[in-house]
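# Predicted model and sequence below, questions to follow.
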Amino acid sequence: MAMAMALALARETEEYGSKQEHAGGRLPAKAKSDTCPSVGEPSAIILFPSNGTEIWRIEDFKPVALPKSDYGKFYCGDSYIVLQTTCTKGGAYLYDIHFWIGKDSSQDEAGTAAIKTVELDAILGGRAIQHRELQGYESDKFLSYFKPCIIPLEGGFASGFKKPEEEKFETRLYICRGKRAIRVKEVPFARSSLNHDDVFVLDTENKIYQFNGANSNIQERAKALEVIQHLKEKYHGGVCDVAIVDDGKLQAESDSGEFWVLFGGFAPIGKKTVSDDDVVLETTAPKLYSINDGQLKLEETALTKAVLENTKCFLLDCGAEIYVWVGRVTQMEDRKSATKAVEEFLINQKRPKTTRVTQVIQGYESHAFKSKFESWPVGNAAGSPGAEEGRGKVAALLKQQGVDLKGAAKSTTPVNEEVPPLLEGGGKLEVWCVDGNAKTALPKEDIGKFYSGDCYIILYTYHSGDKKEEYYLSYWIGKDSLVDDQVSASQITNTVWNSLKGRPVLGRIYQGKEPPQFVALFQPLVILKGGIGSGYKKLIEEKGATGETYTTEGIALIRVSGTSIHNNKTLQVDAVATSLSSMECFVLQSGNAMFTWFGNSSTYEQQQWAAKVAEFLKPDVAVKHCKEGTESSAFWFALGGKQSYTNKNAPQDIITREPHLYAFSFKNGRLEVTEIFNFSQDDLLTEDMMILDTHGEVFIWIGQCVESKEKQKAFDIGQKYVEHANSIEDLSPYVPLYKVMEGNEPCFFKTYFSWDNTKSLVHGNSFQKKLSLLFGLRSEGAPRSSGNGGPTQRASALAALSSAFNPSSQQRLSNERPKSTGDGPTQRASALAALSNAFNASLKPNKTPPPSRSGQGSQRAAAVAALSSVLTAEQSGSSENLRAKASSTADKTDVDRVVITPAGPSGPSSPQSEAGESNVFHQEKDAAVDGAPSGTDGAVAEAPLEETTENVGEATFSYDRLISKSTDPVRGIDYKRREAYLSDSEFQTVFGMTKDAFYQQPNWKQELQKRKADLF
C-alpha cells in the first residue's frame, strides 16, 4: 500500500540506508560531506532563495537539477523532488516540498527522494510543509504548479528504463477528471475504455477529438479543452484540427463519424467500471489522536490549538486526508515512532492509497489544517522568531560544509504600500442617510460627512475605460449605529442592487475599515460624532444622555491622518489636548473660530489636507494655522487647557498576507472551503460562487449561471466565511465585504488576476465559453472542427465579417453566426477570429502568435484582403493558389502592423495570448486608447518602427522609454508586456529579480509590480 510522504520517511530512509551500507556505499551528499554543495544540490538553494519552483530528478541515487525547459515533464520510472518557494509581502519565505513517485519508480529511488526531502527540509530550517505525491493521486497544490496538467511519460532515467526515442506519432487516449486541478491519465486506445460518465481526449496525428460522456460534468468538459490546447501546442506545433463528439447525439456529423471509425466503427459503449481512481473518500468530522511511544490515543476534547503540545506528535484524521502535526521540540525518536504508528493506523483502518497524508510543523500550519479546528489564535507568523530559529539551523549546517552564510542576508523586501486601483473619476456620486425604513438624500454640500451613529447608502455611477457604465454600491455602518438601521441599510441597498439587475459591485463597509476605493470617492471623508437619524436621537433621549453630535457651532477636534486621496482618514476625537499627536494634523473648531494644528512630524500632504477639511466643514471662514509649539491661548482654552500628548505613530493596518481564492460548500450547516492554488481568471467558473480573501477585503464572486435564489445568499455566505476566517486567520470581523457579479467585476477585483475582458464577453456555460475562447467553436448548432477550414467555415467567416461591417444586416444574419453582445470591436474580433479559424491551414505550423497591435483600418483591410484572396483562389479551384495568395496577403498586411514582440518566459502561452481570438480585441481597444481614428491605420501603425531586427524578440529599450508616462515612448511594441523589453541587467534593477523569477510569480503579483514600476 502506498504511504504518504510523512509516514514513509523513516522507513524508506532506514531501508535504503541499510541497503547502501551492505553495498559498501554511503548516503549521497549528507551534511557530513566536506565539500560545499553544488548549485544542483537542494542544499544550495538556501543561498539563493527566490519565488517559484525548483525541481530535481533522482539520477543514480543523486538529485540532479532539471533544466527549466523540462519542468512539467515527469517520467513514470523516476522520482522527483519539487520545492515551491513563496515570498510573502512581509519578506518571509514559505516552503512546500513535494516528492513525486512515478508508478514504475524503484524503491531505491523513492528512498533517495525521501532522504533528500528530509535533508532539504533541514536546510530550510525544518519548517517546510511536506507532501508525498503518488502518480495519479497528486494534490491540487502540486498540480497548480504545472497548469493546465501533467501527463507522465513512459520510461525513466536509469532505473531499468531508457528515455523514449522521438519516433513517429502515436495515437493516444486520455481520460480527464477534475473541475479545476485536472488529472489526466492515459488509458488503452480501445472502445472499452470509453464510458458515459467521463470526458476523454483522443490525440491523433491530424486531429484531436474530445468525447463528452452523456453524464459528464460541464466543468470537466471545459478543463479538458485546456488539455487539448496543451497537446495542440506541445505536440502539433499549434496547428491541428479540433473536434467535439457528444455521447448520445446523432452520428451524422463527419467529425463523429471519423471518431468512431478510429475505434473500428460505431457501437454502444459499456457502463463505467469502478476502479481505485473512482474511489472518492468522504471528508469526515476530524478526530485528533495524540501519539505516545508509538501508541495512538483519541483526544476526546474540543478541537482547539491549545490541545497541541510542542513536545508531542499528533494525528488528525479527516477521512479523505490525514495530517501529522509535529511539535517544534519533539525528539527524533518520537517522530520515528509516530511514523510507524500512523502507518499502522492506515493499514488497520484499511484506507485506500488515495488517502493523502501531509506533515506540518508547529508554527507553519496550512490554512487547510487550521480550518479543522474550532479556533486558532494567531501566534508567531512566518518570518518571526520561528523563522530566525530556522535560519540559525541553516547557518550551522552550512558552516559544517564550509559555507559562510554572512553574504546570504535574509530577505529585505520592504513592505511598501501598493497604490491600489481606484474607480474612474468624473462619475455621479449619490449618498443617502438611512432613517428607519426610509432613506434621505444628502445635499451636495454634506456628501462626505458621516456620523458614527448613522448608516449611509452610497451609489457611484461612472464609466470605465471601455466606456461601459458601471456602478459602485455600498452601505456604511457607523460604530454607534442602531442594529435596526443596519438591517434597513442592508435591505434597502439590496433592493437598489436588484433594481439595477445585479450590475453594481455591492459592498458592506464598517467605520474604521473603509477601503481605498471608498475613501477616494470623498474629498474629504470626515467621520463625526453622534447621529442625525431619528432612531439615534430617540435612543439618546431614552438613555437621558447628553448628545455629543457634531454641530457647526460647538467645539470639535478633528484628526487628519494619511497622505493621499485613498488613505486619508479624518475622524472627530475628544476635544482635549491629550488627543493631539506630533505625527499628525488636527482641525479645531471653536464656535466660529477655526484652527489647523500641524504636528512637528506631520507631512506636507497632511497639512494640505487639514486645510481642505477646515474649508469643507466651515466654508468661507478664516482659518488660523499654527505649528506645534506656536499655539495661542485661545487654542488651548478651547481644549480645556494644555496637557501632554503622544509623539508616537498610531498603528497602521498593513496587509502582509497573500490573497487566497476558495471554493466552498456546506456540510451539516458548517462552511467548508477548498483553496484554489496559484489561481487565475480561468478558475472563476460561471456555474459557481467563489470567495476571494485579500485580508484587506473579502469578495463573493457570483457566476452568471448561478441560480437566482443562490445569488441572494451571497452576503450570508460571505459573513459565514468572515466568521470562519476570523477564528483561524485573525481576519477582522469588520473587513469590507463585497459581492461581485460575473461580467461586472470592478478594477480593484480584477487587479488580483491577469484579467482578460474578452472572457467576460462570451456567454454560455463553462464548456461553451472555453470552446469559443480557445477554438472559436460552438457546442451546438455550429461547425465542430477548427483548423484547416472548409466551405462551411468559410461561409461562417463571410457571414461574421458581413455582420461586423454591415450593422443593418445583423438581424437577418443572426442565426448564421455565433452569439455576441453589442457591436463594434467585439463583433469585428469575432469576424476576424472566424477568418483565422477558416484559413489557418495557410499559416506556418508555429505556436500561437503573440498579440499584435494595429489600427482598425489596417485590420479591416487585412481581413477583406484575406477573404478576397480566398474567394479568388476557390474560383480557380486551386488550393495551392489559396495558400500562396493568403500567405502573400499576410506578408503585405504585415507591413502595416509589424510588432516588436518580446521573447520571455511567458512566451506564446502567456495570459495575454492564451486565446488567439482575443488578440484582435486587444488590438482594436489599444488602437482606440492610443487615439487612432476608426477609419485610419491608427497612430501605432503610422509611427516609424524602431530597432526592428530579423528576430524582433531580441529588441531591448531603456526603462525611461518603456514607462507609460515616457516623454520619448517606444512605438510598435506590445504595450501589455513593456517589462519584457528591458535588458536583463535593467530588469534586475527595476524589479529586484531575474525575468525567470518574475514570470514564475502569480499573475496578479506580476501586474501589481508592473503598475508600481509604471510598466503597464
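That came in fine, so what should we check first? Residues are numbered from 1 along each chain as shown.

# Buried residues in stretch 482-498, which are they?
With burial defined by 16 or more other Cβ atoms under 10 Å, the residues of stretch 482-498 counted as buried are 482, 485-486, 488-490, 492-494, 496-497. For glycine as for every other residue, the C-beta is placed from the backbone atoms N, C-alpha and C.

# next one: stretch 612-629 to chain centre, how far?
Relative to its chain's centre, stretch 612-629 lies at 45 Å (Cα atoms, centre = their mean, to the nearest Å).

# For that stretch, the averaged confidence score.
Averaging pLDDT along stretch 612-629 gives 92.

# Between the two ends of it, how far is it?
End-to-end distance for stretch 612-629, by Cα to Cα, to the nearest Å: 22 Å.

# Give me the contact list for that stretch.
For stretch 612-629, contacts defined as Cβ atoms under 8 Å, 6 or more residues apart in numbering pick out 445, 448, 523-524, 526, 552, 558, 560, 570, 582, 587, 589, 592-600, 611, 632, 635.

# do the same with stretch 299-316
The contact list for stretch 299-316, computed with Cβ under 8 Å, 6+ apart, reads 286-292, 296, 322-330, 334-335, 338, 341-342, 345, 362, 369, 372-377, 379.

# Just the buried positions in it, please.
Neighbour-count burial for stretch 299-316 flags 299, 303, 308, 312-316 (criterion: 16+ other Cβ under 10 Å).

# For residue 439, state which of those residues is nearest.
Ranked by distance to residue 439 (Cβ to Cβ), the buried residues of stretch 299-316 are led by residue 303 at 44.5 Å.

# roughly how far apart are that closest one and residue 670?
Per Cβ to Cβ, to the nearest Å, residue 303 is found 13 Å from residue 670.

# and if you look at residue 497?
With distances taken as Cβ to Cβ, residue 497 is found 28 Å from residue 670.

# out of the contacts of stretch 612-629, which are inside strands?
Residues of the contacts of stretch 612-629 located in strands (DSSP state E): 526, 558, 560, 570, 587, 589, 593-598.

# Now these in a markdown table, please, with extra columns for pLDDT.
Output for those, formatted as a markdown table (pLDDT from 0 to 100):
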| residue | pLDDT |
| --- | --- |
| 526 | 96 |
| 558 | 96 |
| 560 | 93 |
| 570 | 93 |
| 587 | 96 |
| 589 | 95 |
| 593 | 92 |
| 594 | 94 |
| 595 | 96 |
| 596 | 96 |
| 597 | 96 |
| 598 | 95 |
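
# Grab the two from the residues you listed that are most spread out in space.
For the ones in strands among the contacts of stretch 612-629, with distances taken as Cβ to Cβ, the pair at the greatest spread is 570 and 593 (19.1 Å).

# Can you show me the helices along the stretch 451-600 of the chain?
Using DSSP state H, counting those that start in this stretch, the helices of the stretch 451-600 of the chain run over 483-499, 516-519, 534-543.

# now the residue lying closest to residue 588 once chain neighbours are set aside: how far from residue 523?
Setting aside the residues directly before and after it, residue 588 is nearest to residue 595 in space (Cβ to Cβ, 6 or more residues apart in numbering), at 4.2 Å. For residue 595, the distance to residue 523 equals 21 Å [Cβ to Cβ].

# residue nearest the centroid of this protein?
Centre of the chain computed as the mean C-alpha position; nearest residue by Cα atoms, centre = their mean is residue 679, 3.6 Å away.

# any idea how far the nearest residue to that residue once chain neighbours are set aside is from residue 356?
Distance criterion Cβ to Cβ, 6+ apart; nearest residue to residue 679, sequence neighbours excluded, is residue 661 at 4.0 Å. Residue 661 is 20 Å from residue 356, where distance means Cβ to Cβ.

# who's more crowded, these two?
residue 661 (25 against 21; other Cβ atoms under 10 Å).

# what lines up beside the helix or strand containing that one in the sheet?
Using DSSP states H and E, the element containing residue 661 is strand 660-667. Strand 660-667 has the following strand partners under DSSP bridges: strand 670-676 (antiparallel), strand 689-693 (antiparallel).

# And the contacts of the helix or strand just after the last one?
If you walk from strand 689-693 toward the C-terminus, the next helix or strand you reach (DSSP H and E) is strand 698-702. In this structure, residues lying in contact with strand 698-702 by Cβ under 8 Å, 6+ apart are 502, 684, 689-693, 711, 714-715, 717-718, 721-722, 725, 731, 735-742, 745, 749.

# so how far is strand 698-702 off the chain centroid?
Mean C-alpha position of strand 698-702 versus that of the full chain (Cα atoms, centre = their mean) differs by 13 Å.

# residues near the residue nearest to residue 588, how many?
As a burial measure, residue 595 scores 22 neighbours (other Cβ under 10 Å).

# Look up how far residue 587 lies from it.
For residue 595, the distance to residue 587 equals 7 Å [Cβ to Cβ].
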